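Peer 1: whatever this is, show me its structure:
(one chain, ligands or ions: 2)
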Amino acid sequence: LITDENEAWAFVNRVNDESQEVYFKSIQASWNYNTNLTDHNSQLSVEAKLVEAAFEKEVAANASRFNWTAFQNETLKRIFKKASDIGSASLPEDRLTKLKVIESELERLYSSAQLCDDDSTCNNLDPGLTRILAESRDYDKLLWAWFGWRNVSGRKMRNLYKEFVNISNEAARANGYADTGEYWRSWYDMDNLREECQKLYEQLKPLYLNLHAYVKRKLIDKYGEDKFPSTGQIPAHLLGNMWAQSWGNLYSDLLQPFKNKPSVDVTEALKEQNYTAQKMFEVSEEFFTSLGLIPMPEEFWNHSMIVKPDDGRDVVCHASAWDFLNQKDFRIKQCTDITMSDLITTHHEMGHIQYYLQYKNLPVVFRRGANPGFHEAVGDVMSLSVSTPKHLKEIGLLEEVVDDEESDINFLLSQALKKIAFLPFGYLIDQWRWSVFNGETSPEDYNKKWWDLRCKYQGVSPPVQRTEDDFDPGAKYHIPGNTPYIRYFVSYVIQFQFHQALCEAANQTGPLYKCDIYNSHVAGNKLSDMLSLGSSKPWAVAMEKVTGNTTMDAGAIIEYFQPLITWLEKQNEGMDIQWDEACPTDLP
Ligand SMILES: C[C@H](NC(=O)O)C(=O)O
Ligand SMILES: [Zn+2]
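Peer 2: Numbers count the residues shown, from 1 in each chain. Ligands and ions are numbered 1, 2, ... in the order given. Next up is the predicted model:
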């Protein structure tokens, strides 16, 4: 085995340059497919992925000629370690082809699915069905959309997904992991990720239970007690979102605690001011550059897809940010709707692009988040400042800001409907998937396990009986899209740690929930010092760079919501805020 580290650096530098070409071609082909879901583009994308895999296989084989585990230089060793862990590229070509074709089919099934009503008006998920779930307050109309979406999406995926699981596990085992779940968890460099997440969830559960109880009471007022199961869960189609993962759409008419105060939902203002997707993106970029962070490059504006094409093409509308790994091309693909929710999503996706820009000169293997949760947190940290009434007023989206206790509770509740409501959902998706990958959940229990977790953790139940002819996990993008999910749970905790640290750096001395780091280059520099590390250091080092601590900690999110916790506890005094672990059995 070669022990000369200079020779190793020469190998690494050559491979790094070659890999940029190979990855660019593969990502370009994938972009072409995602923005035009045709057979032809699917085939080209699969072919390019096979070329990429062959390249990675060759690199790993060459890397194994070096005695890299014995290298002195930590960075060199880390590069070799990452270059050797090649995921599904380790599969024989026929199995890899099968896997990539299945992934391509699942993606297309989800993104092209549409639900037609009896007078043949057809709706995709975006924007049609999403708008119905957000805006309708008609129990039966909501049920039609919720049930219909699952029939045209998840229900069609069960066998494909079963096959996907098998081949994905073959790859994981070829790389020395027990199953795909263990491979995915390895990206966090911790042997206790599951336990850490469970601990965080337990710490945040009391706040979730109090929010759930408050929202359930308001929904019972609206829809009637008879619509709610005796087991205590909330029917899944009533929460303003196709997966009940974010409840903000119920705020203005159903949940705002103090009606006589200005609303904090600026969707109406965005429409009145004729906001366009372009304008939303420019407002988002301006927040980043106000911190001294990097503006979006020319190629970003020229090649992104920020509105759903109206030429009949099927596209993947689920928003995503793309790094073409050529240090030049960075894009967002998003079917932007003019809503507050999409203004937040725009910041979320632009946070990914900022991370890409900050680490674009690192070796390709280090162009990743410190861990996947970091990548999901960047944009959301910006949104924690942007969504404050003070900031929304500053950018002209709110007329007036009333600074009193009741208005603070209004604001904190609207934030909790996004950030707290999400936590059990963010936690349970990969509990389901890890149990599928490790064999605890067999195909005949796919749907049962999904709803057991939803009823237990989220306190949400299906409005109608579900069976194993259904495949409700497939109705959520990240399952057919094969995007791991625990990263969002991690992000929703650590983004408040980052927010707390950047607010301190920006000399924001008031309560955490009022902080706006706008225009603070000190905060911006602290953040970019971390972002520019990419995945070149263990994530604890990156965490310490921003917060001074090295662990995930729920203290910041609890500090942020403390006034609301006190208020909700008073609202729920003397009431039973629990629900049964099991789902209702007497469903229609
Ligand atoms: C929270 C997660 N965000 C994302 O995919 O960007 C979702 O939408 O389910
Ligand atoms: Zn994201």
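
Peer 1: now K545: closest residue in space that isn't a chain neighbour?
Peer 2: M530 (4.4 Å; C-beta to C-beta, 6 or more residues apart in numbering). (Each C-beta comes from the backbone N, C-alpha and C, glycine too.)

Peer 1: revised request: answer the last question for S104.
Peer 2: That would be S42: by C-beta to C-beta, 6+ apart, it lies 4.6 Å from S104.

Peer 1: can I assume the one you found sits in a helix?
Peer 2: Yes - applying DSSP: H, G, I helix; E, B strand; the rest coil, one finds S42 inside a helix.

Peer 1: number of nearby residues for it?
Peer 2: S42 has 21 neighbours, counted by other C-beta atoms under 10 Å.

Peer 1: tell me where the stretch 151-300 of the chain has strands.
Peer 2: 234-235 (DSSP state E, counting those that start in this stretch).

Peer 1: picking up where we left off before, list the contacts for the residue nearest to S104?
Peer 2: Residues in contact with S42 (C-beta atoms under 8 Å, 6 or more residues apart in numbering) are 33, 101, 104-105, 108.

Peer 1: what sits against the residue of the stretch 351-500 of the chain found nearest ligand 1?
Peer 2: Going by C-beta to the nearest ligand atom, ligand 1 is nearest to Y488 of the stretch 351-500 of the chain, at 4.4 Å. Going by C-beta under 8 Å, 6+ apart, Y488 touches 373, 376, 422, 426.

Peer 1: surely the third one and Y492 touch.
Peer 2: Yes - at 5.9 Å, F422 counts as touching Y492 under the criterion of C-beta atoms under 8 Å.

Peer 1: how about the contacts of S42 in TSV, adding secondary structure?
Peer 2: Below are the contacts of S42 laid out as TSV (three-state DSSP):
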residue	secondary structure
Y33	helix
V101	helix
S104	helix
E105	helix
R108	helix
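
Peer 1: highest neighbour count among those?
Peer 2: Y33 (24 neighbours).

Peer 1: ok, that one to ligand 1 distance?
Peer 2: 19 Å (C-beta to the nearest ligand atom, to the nearest Å).

Peer 1: quickly find the element holding the residue of the stretch 351-500 of the chain closest to ligand 1.
Peer 2: helix 486-505 (DSSP states H and E).

Peer 1: for the following helix or strand past that helix, packing partners?
Peer 2: Where DSSP H and E defines the elements, the next helix or strand beyond helix 486-505 is helix 521-531. Packing contacts for helix 521-531, counted by 3 or more C-beta pairs under 8 Å, 6 or more residues apart in numbering; DSSP states H and E, involve helix 340-358, helix 372-386, helix 486-505, helix 539-547.

Peer 1: I'd like the contacts of S42 as TSV, with pLDDT appended.
Peer 2: TSV is the format used below for the contacts of S42 (pLDDT from 0 to 100):
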residue	pLDDT
Y33	98
V101	98
S104	98
E105	98
R108	98
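
Peer 1: please, where are all the strands along the stretch 351-500 of the chain?
Peer 2: Under DSSP E, counting those that start in this stretch, the stretch 351-500 of the chain gives strands at 460-461.

Peer 1: for ligand 1, what are the nearby residues on it?
Peer 2: For the stretch 351-500 of the chain, the residues in contact with ligand 1 (C-beta under 6 Å from any ligand atom) are Y488.
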